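Q: Build me a structure from this.
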Amino acid sequence: FDSYKRFVLQLFQASESAGRYGQLDIHGMLGPYPVHVYDFRKHNNLHIGEETIHDLHALTRGGAGDRLYIIAPYSLVDFYQNYERVGDTAYYMLKVPHSILERIRKGEYKPLRQPSSANDINDPARAVGFDFIRMPEVRARYQIKPTSQPMYPEYSIKLEEFSSPAIERSATPANDELKFPTFAMLLVDPDYRGGVFRLGYHADADEMKKHHYTAYLPDSLSIGEVVKVVYIDIYGNEYTAEVPRTAFSNGETRGEED
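A: I've put the predicted structure just below:
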């Protein structure tokens, strides 16, 4: 487990640092936030759902601060929202893909090297192990405006912030063309009712650039009480948002932990 722990901490760019919150062991730090590596050997048949997160929170005795990361095998994670909030703490899952686990089990891994240049960071072919398993950070403004046809108001989604963790430190020109270089597309289910995602609209980066990174939902869509939006970066990572219709009515700007 010690070798696995060191490897997955490095995989997610976390530093190794032992500690404890209450009765929960902390194995590393990701920026200023603690990281717990889930020991799947002890709970091989236990899937990680909301109940598990509540159990881990109880072990921390409320002392984990405002964010805690949990590293666990992808196949064991049973919830798909970006994070689960319990009390004052948001618990984020960092999921280890099955292909990586298989290589670890076979001993086919070596210590990862940090990208040595901005070119390496921006090259998806060289970013394996750094970018493909870290969700992007997103903030967007949701709006609704009246039109000449009162029955068909205009719903829009405007990207305010979009970044992928591995290139946060790279400098990019502050012009609109390169404003969000890792943004790929968004997908929209206009009437999300839980369970299956039903695609009703999509827009890629080139299309959204034409409108200053704003997506205008077609008036042919039937907007329900909740609109689910999936934001995807160029590495295939996803950030999902379940946005109530009232957020559009109020012109709200939302992102992680909102």
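Q: Contacts for the helix or strand where H202 lies, please.
A: Per DSSP states H and E: H202 is located in strand 201-204. Under the contact criterion CB atoms under 8 Å, 6 or more residues apart in numbering, strand 201-204 has outside partners A184, M185, L186, L187, V188, P190, A215, L217, P218, L221. Every C-beta, even on glycine, is put in place using the N, C-alpha and C of the backbone.
Q: Could I get the pLDDT score of G87?
A: The predicted local confidence for G87 comes out at a pLDDT of 90.
Q: Quickly note the distance from the residue nearest to it when sequence neighbours are not counted to L56.
A: On the basis of CB to CB, 6 or more residues apart in numbering, the spatially nearest residue to G87 that is not a chain neighbour turns out to be G62, at 5.6 Å. Look at G62 and L56: by CB to CB, to the nearest Å, they are 12 Å apart.
Q: Of the two, which one has the most company?
A: When neighbours are counted by other CB atoms under 10 Å, G62 and L56 differ, and L56 comes out ahead with 23 against 13.
Q: Can you tell me the element that one falls in?
A: Using DSSP H and E, L56 maps to helix 50-60.
Q: buried ones in that helix?
A: Neighbour counts over helix 50-60 (16 or more other CB atoms under 10 Å) mark T52, I53, L56, H57, T60 as buried.
Q: That helix: what's the following helix or strand?
A: Remark: after helix 50-60, the chain's next helix or strand is strand 67-73, criterion DSSP H and E.
Q: Now that following strand: average pLDDT?
A: The pLDDT scores in strand 67-73 average 90.
Q: Tell me which strands it pairs with, and in which orientation.
A: strand 33-37 (parallel), strand 89-96 (parallel) (DSSP bridges).
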